[in-house]
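J.: can you look at this prediction? I've put the sequence above it.
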Amino acid sequence: MTSWETSSSWYDKIVGDKGHYYHQHVIIPGILKLLQLKPGHRLLDLACGQGVLARYLPQNVDYVGIDASFSLIQEAQKKSHHHFIVGDVSKPLNEGKFTHVSIILALQNIEEGGAVVKNAAVHLEKDGKCIIVLNHPCFRIPRQSAWGVDETKKLQYRRIDRYLSPLKIPIQTHPGTQNSEKTWTFHHCLSDYTRWLQASGFVIEVIEEWVSNKKSLGGQARMENRSREEFPLFLAILVKLDRKFVS
């Protein structure tokens, strides 16, 4: 099981109490719109980090968050009254069934991604739904994607160097400082994710691609805003259990 324990303080600092900019303005609003959570619903948040989603839930939604990092779970418990557990998100819990499961900006940081998807299915009620949010696997591949500018056409473009091959990619936290540490992210193509979902008994209800809502100013604003609107940052997949797989 991949753990971000050594990077927990860095991660907690950039997320903070309310989440980073995209949590607040793109990701959390998108999740809440898709899940339509109501009082009485139960949500299991796999790889919850320091529990940012829990702090945006409607009242009376029963929430359980689990993460492999002890330090992040400590921070989550300080920031919220909800229930948090240190544990392996690829293995079942003794917490019963849930109406909803979320895996938010985390699946790409876990080596055993298929096992986490399977675990989500294990914990869902028969009419339950799971939402997975990813850094877009087609356009945001660490070290294998970048922005470029075509000066002739005055266009900003996205360059992709690799896509189909699974990759284990090192990520530096605190880059350029004496406290720099290394953790890992794992790239998979869309075919891998859909294969994991199918093998776990899921069918896809909705796929949404979320773009940045930021706006550039100045001489390059037109091309930067155009590319920002065309290349999504995040991929959201809402799935439910296929009734053929539900006993």
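T.: Sure thing, it's come through.
J.: contacts, neighbours, all on C-alpha from now
T.: Will do.
J.: what pairs with the helix or strand hosting residue 126, parallel or antiparallel?
T.: Element membership for residue 126, per DSSP states H and E: strand 124-135. Here strand 124-135 is paired, per DSSP bridges, with strand 98-104 (parallel), strand 234-241 (antiparallel).
J.: so how far is residue 53 from the residue positioned nearest the centre of the chain?
T.: In the chain, the centroid-proximal residue (C-alpha atoms, centre = their mean) is residue 105; its distance is 1.7 Å. To residue 53, residue 105 is 11 Å away according to C-alpha to C-alpha, to the nearest Å.
J.: residues in contact with the residue nearest to the centre of the chain?
T.: Listed by C-alpha atoms under 8 Å, 6 or more residues apart in numbering, the contact partners of residue 105 are 132-135.
J.: switch those residues over to CSV; also include distance to residue 160 and pLDDT.
T.: Shown next, in CSV, are the contacts of residue 105 (distance: C-alpha to C-alpha, whole Å; pLDDT from 0 to 100):
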residue, distance to residue 160, pLDDT
132, 23, 98
133, 21, 98
134, 17, 98
135, 14, 97
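J.: most neighbours among those, which one?
T.: Counting neighbours by other C-alpha atoms under 10 Å, residue 133 comes out on top of those with 24 neighbours.
J.: the helices in the chain, which residues?
T.: Counting by DSSP state H, the chain has these helices, from start to end: 8-15, 21-22, 28-35, 70-79, 113-122, 190-199, 221-230.
J.: same list (these) but as CSV, adding distance to residue 99.
T.: Below are the helices of the chain laid out as CSV (distance: least, C-alpha to C-alpha, whole Å):
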stretch, distance to residue 99
helix 8-15, 26
helix 21-22, 26
helix 28-35, 10
helix 70-79, 22
helix 113-122, 11
helix 190-199, 17
helix 221-230, 33
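J.: wait, which of those helices is closest to residue 150?
T.: Minimum separation from residue 150 across the helices of the chain (C-alpha to C-alpha) falls at helix 221-230, 10.1 Å.
J.: buried residues in the closest one?
T.: 222-225, 227-229 (16 or more other C-alpha atoms under 10 Å).
J.: which other helices and strands does that helix contact?
T.: Contacts defined by 3 or more C-alpha pairs under 8 Å, 6 or more residues apart in numbering; DSSP states H and E place helix 221-230 against strand 155-160.
J.: name the helices or strands packed onto the strand it packs on?
T.: strand 145-150, helix 221-230.
J.: CA atoms of that strand as CSV?
T.: Provided in CSV are the C-alpha atoms of strand 155-160 (Å, rounded to 0.1, in the frame of the first residue of the first chain):
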residue,chain,number,x,y,z
LEU,A,155,-1.7,29.1,-29.9
GLN,A,156,-0.9,27.4,-26.7
TYR,A,157,-0.9,23.6,-27.0
ARG,A,158,-0.6,20.5,-24.8
ARG,A,159,2.2,18.2,-25.6
ILE,A,160,1.9,14.5,-24.5
